[in-house]
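Undergrad: Sequence and predicted structure below; questions after.
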Amino acid sequence: MEITDISATKVSTESWGEFVEFPLVTVMSKYDEYTNAEGDNPQARRKWMGPVGDVVIEIETDADITGIGHGNWATGAIATIVDETLSKLIVGEDPREREKLWDIMYRATIPFGRKGAAIEAISAVDLALWDIAGKEADKPVYELLGGPVENEIDCYASNLHPVDFDKLEREALEYVNEGFDAMKLRFQYGPEAGRQGMKENEKVVETVRDAVGDDIKIAGDAYMGWTVRYAKKMTRRLERYDMEWVEEPVIPDDIDGYAEIREAAPMPISGGEHEFTRWGHKELLEREAVDILQPDVHRCGGLTELLRIDSIASSHGVPIIPHSGTNPHLHFIAASTNSPMAEYFPVPRWYKEQQEDKESTYSDAIYEHPPVAENGVIQLPEGVGLSSALNRNALDTYAIE
């Protein structure tokens, strides 16, 4: 088999819908013009996220098999790297030689890569190659990875935002009624809001805990918006709520800070969503910076690299709970003994009620069969390959030239 062509389609961040409008602390919250903590500046995140959210890659072969993958959140640079560099390396090659092609792409992009957009471009190509492999074998990719560990995939509801406390309470209860036994909230404030912000962050956790009771697992995401000192204070305040983890308390390159927070925090610390390749994640593990690793297959180097990361994490006794619950992640989780659950983004009921004509989209808007959770679990992905059939209407709607 031979690769005959590769194309890249840039997808607007408009496809992410309400995700970019909710109030929460972020890595940019230290600057007033980029914060939406109070919910009064819903366009703040769009200003720094840029117009392109995902880039869809399609790889064609002479066997009439087309593989599909996407890279996440690197503006249009993914498409440029694929068009100008990666396409020259893989067109004419055998798509089944994934290890060789990954190494070639990685080495060729070292001068401008190693992290960021170049690895995200490699991730998209690698996923498309795995999609081809599954389609050629007429099997879902999780079968190629050794078969499913379980018959269904546990997941946690990951869309609790501090819009107001009544809505937050109702949404948490709704998730319990829908069968979720775990959920993740977003913190609202960082150091810029001082002690009052810390009180408000605690109130978010307290509201959810009081609503769902002691038997439901609760995690919280700081999205890189804290400092080491602030995180140590904040996590001590939250000890009484028995949290499953606090996620991304500081920027990803502050690994010393991660380790210091982890040593001091009374709950597990997670991270890795914005880390790249086995080497980046290996450093997090060796420096004992995280209790839970959260790589994203659309960023970290694709499925080929995620399997390597999983092997390293397993040897350190650290579980992987990937960032986001896209179908490629589900194939990985299905076949891993070290990945206990998936992230899942329900649409908040109150949001549905106020935006009846607008649906939750995220990256899965561009796929025909996005994951659907029932009773807190997701069934194994259907179809051959990576379950990657595209929703062409949505892709056309959100495509950027």
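TA: That came through, no problem. For clarity, every value in this text was computed on a predicted model and none was experimentally measured. Numbers count the residues shown, from 1 in each chain.

Undergrad: Quickly list the domain ranges of this structure.
TA: 3-138, 143-379 (automatic domain parsing).

Undergrad: and the first one, how far from the chain's centre?
TA: Computed by Cα atoms, centre = their mean, to the nearest Å, the chain-centroid distance of domain 3-138 equals 12 Å.

Undergrad: The domains of the chain into CSV, with extra columns for mean pLDDT?
TA: Formatted as CSV, the domains of the chain follow (pLDDT from 0 to 100):
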stretch, mean pLDDT
domain 3-138, 94
domain 143-379, 94
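
Undergrad: for those domains, which one sits closest to Gly385?
TA: Distance to Gly385, taken as Cβ to Cβ, is lowest for domain 3-138 among the domains of the chain, at 3.6 Å. (C-beta placed from N, C-alpha, C; glycine too.)

Undergrad: Straight-line length of the closest one, end to end?
TA: Counting by Cα to Cα, to the nearest Å, you get 18 Å between the two ends of domain 3-138.

Undergrad: just to revisit the earlier point, tell me which of the domains of the chain sits nearest to Ser388.
TA: Among these, domain 3-138 comes nearest to Ser388, with 4.0 Å by Cβ to Cβ.

Undergrad: before we move on, the earlier item: make JSON lines out of the domains of the chain and add distance to Ser388 and mean neighbour count.
TA: Formatted as JSON lines, the domains of the chain follow (distance: least, Cβ to Cβ, whole Å; neighbours: other Cβ atoms under 10 Å):
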{"stretch": "domain 3-138", "distance to Ser388": "4", "mean neighbour count": "19"}
{"stretch": "domain 143-379", "distance to Ser388": "7", "mean neighbour count": "20"}
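
Undergrad: Including distance to Asp396, could these go into TSV?
TA: Rendered in TSV, the data for these read as follows (distance: least, Cβ to Cβ, whole Å):
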stretch	distance to Asp396
domain 3-138	9
domain 143-379	10
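
Undergrad: among these, which is nearest Ile400?
TA: Proximity to Ile400 (Cβ to Cβ) singles out domain 3-138 among those, at 4.4 Å.

Undergrad: So which elements touch the helix or strand containing Thr207?
TA: Assessed by DSSP states H and E, Thr207 sits inside helix 194-212. Helix 194-212 sits against helix 165-177, strand 182-186, strand 217-221, helix 228-237, with contacts defined as 3 or more Cβ pairs under 8 Å, 6 or more residues apart in numbering; DSSP states H and E.

Undergrad: redo that, cut-off 6 Å
TA: Under the contact definition 3 or more Cβ pairs under 6 Å, 6 or more residues apart in numbering; DSSP states H and E, helix 194-212 sits against helix 165-177.

Undergrad: Out of the domains of the chain, which is closest to Asn391?
TA: For those, the distance to Asn391 is smallest for domain 143-379, at 5.0 Å, taking Cβ to Cβ.

Undergrad: From the chain's centroid, how far away is that closest one?
TA: Its chain's C-alpha centre and that of domain 143-379 lie 9 Å apart, by Cα atoms, centre = their mean.

Undergrad: circling back to that earlier point, of all the domains of the chain, which one is nearest Leu395?
TA: Per Cβ to Cβ, nearest to Leu395 of the domains of the chain: domain 143-379, 5.1 Å.

Undergrad: Can you tell me which of the domains of the chain is nearest to Arg392?
TA: Nearest to Arg392, of all the domains of the chain, is domain 143-379, at 8.7 Å by Cβ to Cβ.

Undergrad: Now the terminal residues of that closest one, how far apart.
TA: Using Cα to Cα, one end of domain 143-379 lies 15 Å from the other.

Undergrad: what's the answer for stretch 287-303, then?
TA: Termini of stretch 287-303 sit 24 Å apart (Cα to Cα).

Undergrad: try stretch 384-392
TA: So stretch 384-392: terminal residues 19 Å apart, Cα to Cα.

Undergrad: Just the buried positions in it, please.
TA: Val384, Gly385, Leu386, Ser387, Ser388, Leu390, Asn391 (16 or more other Cβ atoms under 10 Å).

Undergrad: and the residue of the chain positioned farthest from its centre, what does it touch?
TA: Here the chain reaches farthest from its C-alpha mean at Asp62, the gap being 32.7 Å by Cα atoms, centre = their mean. By Cβ atoms under 6 Å, 6 or more residues apart in numbering, the contact set of Asp62 is Glu2, Thr4.
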